[in-house]
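Enquirer: Dropping a prediction and its sequence here:
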Amino acid sequence: MDKQTQKLRTLVQQHLNQTKTDIEKKYGKPGKNSHTEIWFYRKYKCGIFMDEIAFIFEEDCVIDITLTEYVFWIEYRSIFYNKGENPEYKVIKLL
């Protein structure tokens, strides 16, 4: 399991089934592309790299989390959590 997949695994363990209030307390106000069912948070690294965390909600509770990596502001790969499936984490490379 690579570093980014481990990061998503940690996020899932910490935040799955948490409320919107809990997420907002930890991460602050969601990005402007967010809406009631999905909230986006961006984290910049070394100027050219960026991670985007998407929290997906149902009835104000987190039901899914995705992690997308960007290089030079171009989507590089997305990592998805699939509860109860094998493999549980799926990586889709876009470049």
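Expert: Now that the structure is in, tell me what you want to look at.

Enquirer: End to end on stretch 14-26, go ahead and measure it.
Expert: Criterion CA to CA, to the nearest Å; first-to-last residue distance in stretch 14-26 is 11 Å.

Enquirer: typo on my end, stretch 52-67
Expert: End-to-end distance of stretch 52-67: 6 Å, with CA to CA as the criterion.

Enquirer: and K90, what pLDDT?
Expert: For K90, the pLDDT comes out at 90.

Enquirer: Tell me how many other residues crowd S34.
Expert: Using other CB atoms under 10 Å, S34 has 14 other residues around it. Yep, even glycine has a C-beta here, placed from its N, CA and C like the rest.

Enquirer: Please name the nearest non-neighbouring residue to it.
Expert: Using CB to CB, 6 or more residues apart in numbering and skipping residues adjacent in sequence, the residue nearest S34 is F40, 5.1 Å away.

Enquirer: what's near enough to touch that neighbour?
Expert: By CB atoms under 8 Å, 6 or more residues apart in numbering, F40 lies in contact with 30-31, 33-34, 52-54.

Enquirer: same thing but at 10 Å, please
Expert: Shown in contact with F40 (CB atoms under 10 Å, 6 or more residues apart in numbering): 30-34, 52-55, 66, 68.

Enquirer: Mind listing the residues bridging to it?
Expert: Bridge pairing for F40 (DSSP bridges) gives the partners A54.
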